[in-house]
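# turn this into a structure:
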Amino acid sequence: MSVIVGAYEAMPYLVRCLESVESQTMAHRIEVIAVDDGSTDGTGAYLEKFAASTAIPTKVVRQANSGGPSGPRNVGIALARGRYVFFLDADDYLGPEALERMVAMADRAGTDVVLGKVEGVNRGAPSSMWGRTAERVDVYNSKVIYTLSAQKLFRRELIERLGLRFDEGMRTGEDALFTMAAYLRGGGVSVISDYTCYYLVGRDDGKHVTKSGDHTMRFEAVGALMKLIADIVPPGAKRDRLMVRPFTVGLLQQFPPGFMKQPEEVQRQKMELAAPLMRRYWGPGVARLIKVSERLRLECVALGRFDLLRDVLVFVRDGTRPEVVHRGRDRTPYLAFPHFGEKGSGLKDASFEVTVPDWIGRPGLESIHPPKVVRQRRSPARRVARRVRARIRRTGLTRAWARAGGRTAKAAAASATASRPTGPMA
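Residues are numbered from 1 along each chain as shown. Alright, predicted model coming up:
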């Protein structure tokens, strides 16, 4: 398999990164392709030193700075010869059995993408998708869409068949497009949750690549991901479930409570940048999959109502506890955030309805759940009527009913039965 390491100003983190590659239990079955993207801190020289001393076949490419991680990764893809490709950031490192476990999983399950459990070091890391190890998950109903970084095992045949490459014109979010396309167009996704495969390191100098990019670039990345989903998945419940990801981990992050402190020009730009995305991709199907406090912010943005958004953000910022209002025969819960029930606001009552497990006050303080949909059993009379209707379709009972002059269903059914021929068909 091929381990692709894109490196820019990576010292001293690169040392542990490459040590973790040499320590792999399947080191004898891998190659390393390391691309120095115009570093000035000795990264390139260290890569060449590593290549000269390691027993692992290593190719080193030194190039002018490309401005982002996409260029080095694409160079690595072009040079890779392994059955599988793993993208390893030069700041991070692997667990000793990581590659062996991931390759074994892909071979056993026949999947094209394998996610290995990630643990943060001096920083946070995604956690919701590591509930259990699974040879094959349903992308539409699992949490894997909440980890779209490139640090995963990909079958190289998939990459070449689809012509997958990282968009070098994007400065952030390029890995989300690559990974989501592999999820949706590949032959399956596996998850390893019982072993930490990848250690995601927070740099002391704060130069981690995911922190780069202004809000304009981030809107561009969110829009590109939404378009990719819409291009691959037809309208419906599956698309709605996928769209929750860019709306919540993407667009919503541009409208936090601190939005109120941003310069007015930035606030105006963000509302303008969000408007076409809301018109094109937002709808009731997506909205009902999101918690009320988050949904309301997006609904305000969709309406272009800064005044409503301000009131909701202040309410959230202050930690105000919304009243829980129950309505209807099934006692459907609504959360009375600002403008609940105000007809002139433009916000519908559905915007305030609890449709997914939610909470009020601090997280975990009080859980609120939508009413369970209980499928009622048919009454005996309704079951009899249903059987009679089925028998009508099966035996031509309608004609028998007419001949019987409107007698009871039981008598008509008996008449129809008696009138059918009993001998062999001609």
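# which non-adjacent residue is nearest the residue nearest the centre of the chain?
Geometric centre of the chain, nearest residue: Ile145, 2.3 Å, by Cα atoms, centre = their mean. Leaving aside its sequence neighbours, Ile145 sits nearest to Arg245 (Cβ to Cβ, 6 or more residues apart in numbering; 4.6 Å). Every residue, glycine included, has its C-beta placed from N, CA and C.
# just checking, that neighbour touches Lys143?
No. At 9.7 Å, Arg245 does not count as touching Lys143 under the criterion of Cβ atoms under 8 Å.
# can you give me the strands in the chain?
Per DSSP state E, the chain carries strands over the ranges 2-7, 31-37, 58-63, 84-89, 93-94, 113-121, 153-155, 189-201, 323-327, 332-336, 358-360, 366-368.
# if we can go back for a sec, compare Arg245 and Lys143 (neighbour count), which wins?
Neighbour tally, Arg245 and Lys143, criterion other Cβ atoms under 10 Å: the higher count belongs to Arg245, 20 against 15.
# residue contacts, the more buried one?
Arg245 makes contacts with 145-146, 148, 225, as judged by Cβ atoms under 8 Å, 6 or more residues apart in numbering.
# tell me which two in these are the farthest apart.
Farthest pair in the contacts of Arg245 (Cβ to Cβ) is Tyr146 and Leu225. Separation: 12.4 Å.
# compare the two (neighbour count), which wins?
Taking other Cβ under 10 Å, Tyr146 and Leu225 do not tie; Leu225 has more neighbours (22 against 14).
# quick check: the closest residue to Leu308 other than its chain neighbours vs Arg310, distance?
Nearest residue to Leu308 in three dimensions, chain neighbours excluded: Cys300, at 4.3 Å (Cβ to Cβ, 6+ apart). Separation of Cys300 from Arg310 (Cβ to Cβ, to the nearest Å) stands at 9 Å.
# what about the two, which has more around it?
Each of Cys300 and Arg310 has its neighbours counted (other Cβ under 10 Å); Cys300 has more, 26 against 15.
# residues in contact with the closest residue to Leu242 other than its chain neighbours?
Distances taken as Cβ to Cβ, 6+ apart put Ile229 closest to Leu242, at 4.9 Å, once the chain neighbours are dropped. Contact analysis of Ile229 by Cβ under 8 Å, 6+ apart lists 180, 184, 239, 242-243, 246.
# kindly report the same for Leu18.
Contact analysis of Leu18 by Cβ under 8 Å, 6+ apart lists 5, 32, 50, 54.
# neighbours around Arg268, how many?
Arg268 sits with 12 neighbouring residues when counted by other Cβ under 10 Å.
# quick one: it and Arg387, what's the gap?
65 Å.
# now do His28
According to Cβ to Cβ, His28 and Arg387 sit 69 Å apart.
# out of these two, which sits in the more crowded spot?
Taking other Cβ under 10 Å, His28 and Arg387 do not tie; Arg387 has more neighbours (12 against 8).
# next one, pLDDT for the more buried one please.
The per-residue pLDDT reported for Arg387 equals 72.
# likewise Thr408?
49.
# next one: Asp205
Asp205 is assigned a pLDDT of 72 by the prediction.
# can you give me the neighbour number for it?
Neighbourhood size, Asp205 [other Cβ under 10 Å]: 7.
# repeat for the one 10 residues further on
Number of residues near His215 (other Cβ under 10 Å) recorded here: 14.
# same check on Glu97?
Neighbour tally, Glu97, other Cβ under 10 Å: 18.
# what do you get for Gly68?
22.
# any low-confidence regions in the protein?
When residues are selected by pLDDT under 70, those of the chain lie in 206-213, 363-365, 373-385, 388, 390-426.
# please report phi then psi for the residue nearest to Phe315 when sequence neighbours are not counted.
Nearest residue to Phe315, sequence neighbours excluded (Cβ to Cβ, 6+ apart): Pro338, at 5.3 Å. The phi/psi pair for Pro338 (degrees, to the nearest 10) reads phi -50, psi 140.
# which residues are in contact with Pro338?
308, 311-312, 315.
# tell me the one of those nearest Asp167?
Set against Asp167, the nearest of the contacts of Pro338 by Cβ to Cβ is Val312 (34.0 Å).
# isn't that closest one right up against Leu303?
No. If you go by Cβ under 8 Å, Val312 and Leu303 don't touch, sitting 11.5 Å apart.
# these two - which one has more neighbours?
Val312 (21 against 17).
# contacting residues for the closest residue to the more buried one other than its chain neighbours?
Nearest residue to Val312, sequence neighbours excluded (Cβ to Cβ, 6+ apart): Leu296, at 5.1 Å. Contact analysis of Leu296 by Cβ under 8 Å, 6+ apart lists 312, 337, 347, 351-352.
# could you export those residues as CSV, including distance to Gln63?
As requested, these are exported to CSV (distance: Cβ to Cβ, whole Å):
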residue, distance to Gln63
Val312, 48
Phe337, 52
Leu347, 52
Ser351, 50
Phe352, 54
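# mind giving me the ChimeraX select for those residues, buried ones only?
This is the ChimeraX syntax for the buried subset of the contacts of Leu296, where burial follows 16 or more other Cβ atoms under 10 Å:
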select :312,337,347,351,352
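# now, which of the contacts of Leu296 sits nearest Val189?
Once Cβ to Cβ is applied, the member of the contacts of Leu296 that ends up nearest Val189 is Ser351, at 33.1 Å.
# doesn't Arg295 make contact with the closest one?
Yes. Using Cβ under 8 Å, Ser351 is in contact with Arg295, at 6.2 Å.
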